[in-house]
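Asker: Here is a sequence together with a model predicted from it:
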Amino acid sequence: MAKIVLVHSFRGGTGKSNTTANLATAIACTGQRVAVIDTDIQSPGIHVLFGMEQENPLKHTLNDYLWGDCAIEDAAYEVSPAAVRQSNGSIFLLPSSIEAEDMTRVLHEGYDVRLLKNGFRNLVKALNLDYIFVDTHPGLNEETLLSIAIANILVVILRPDRQDLQGTAVMVDLARQLKVPKILMIVNRVLQDLDSDAVRQQLEAKYDVPVVGVLPNCDEMMRLASSDLFCLQYPDHPLTQEIKTVAQSIMT
């Protein structure tokens, strides 16, 4: 049965989309069929990491499905890199529209998250999926809370920052109230001179949630500037090894 993995952060700037894309790729490289859905409809961008440009309008996006204009599988595009195809895996991307009028419409009207629940079920059947990764809009709103409620796994990403620490506590508490079956935590952009084990122990004690990844801040990620998937460009890098560790925790 396919797993729905919701990747969320309380604040923007945590590297959520980069982490989502790399985790999905790491899992697809084990031979799994994975869909990545960009529900950050107000500020979409994960498509860039998979080399999908939207200068020429796409036939369909996630917006079209949410507004009843197409089936959800019609908004799915295969974006499998060569390394994924060689592993007999697949990645499908469901991008959100980058058209200004579509983003404005979402801000004014919102969308019915219940359509996502039905859509996930249809997408799994249509594409024979093993995993669906949902890249969310940061913060807490009605759509996010409803999305969390239908996730099998919630992956919370935060930075070692006081504002992130406070907001994440609220988010973890809400996830427990919504009875999310599995909550995992990733700490991103950790300075390399910090003791990663100490950071892990401190946060696990604070939140009582497994910290499955402590991702180091690195110049290579900055230089890549979201132009490609880090785990494929730097397969032997310590950050890639940590991403693979997180991927194993998700698949376990």
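Answerer: Good, I have the coordinates. Please read all numbers here as calculations on a predicted model, not as lab measurements.

Asker: and the most far-flung residue of the chain relative to its centre, backbone torsions?
Answerer: Within the chain, Asp193 marks the point farthest from the mean C-alpha position, 27.1 Å out by C-alpha atoms, centre = their mean. Per-residue torsions, Asp193: phi -90, psi 0 (degrees, to the nearest 10).

Asker: other SSEs contacting the biggest strand by length in the chain?
Answerer: With secondary structure taken from DSSP state E, the chain has its longest strand at strand 182-190. Where contact means 3 or more C-beta pairs under 8 Å, 6 or more residues apart in numbering; DSSP states H and E, strand 182-190 is packed against strand 153-158, helix 162-177, helix 196-207, strand 211-216, helix 238-251. C-beta coordinates here come from the backbone N, C-alpha and C atoms, glycine included.

Asker: Could I get the buried residue list for stretch 62-74?
Answerer: Within stretch 62-74, the residues that qualify as buried are Leu62, Asn63, Asp64, Tyr65, Leu66, Trp67, Cys70, Ile72, Glu73, counting by 16 or more other C-beta atoms under 10 Å.

Asker: Same check on stretch 102-115?
Answerer: Within stretch 102-115, the residues that count as buried by 16+ other C-beta under 10 Å are Asp102, Met103, Arg105, Val106, Tyr111, Val113.

Asker: That stretch: end-to-end distance?
Answerer: Using C-alpha to C-alpha, to the nearest Å, the span of stretch 102-115 from its first residue to its last is 18 Å.

Asker: Centre of the chain to it, how far?
Answerer: 19 Å (C-alpha atoms, centre = their mean, to the nearest Å).

Asker: what does stretch 124-141 give?
Answerer: Centroid separation for stretch 124-141 versus its chain: 8 Å, with C-alpha atoms, centre = their mean.

Asker: returning to what we had before: ok, which of the helices and strands packed on strand 182-190 comes nearest Tyr131?
Answerer: helix 238-251 (7.9 Å; C-beta to C-beta).

Asker: and the closest one, what does it pack onto?
Answerer: Helix 238-251 packs on helix 16-28, strand 153-158, strand 182-190, strand 211-216, helix 230-233, going by 3+ C-beta pairs under 8 Å, 6+ apart.

Asker: angle of it against strand 153-158?
Answerer: Orientation of helix 238-251 against strand 153-158 (axes from the mean of the first three to the mean of the last three C-alpha atoms, to 10 degrees) gives an angle of 150 degrees.

Asker: Right, I'll call it a day here.
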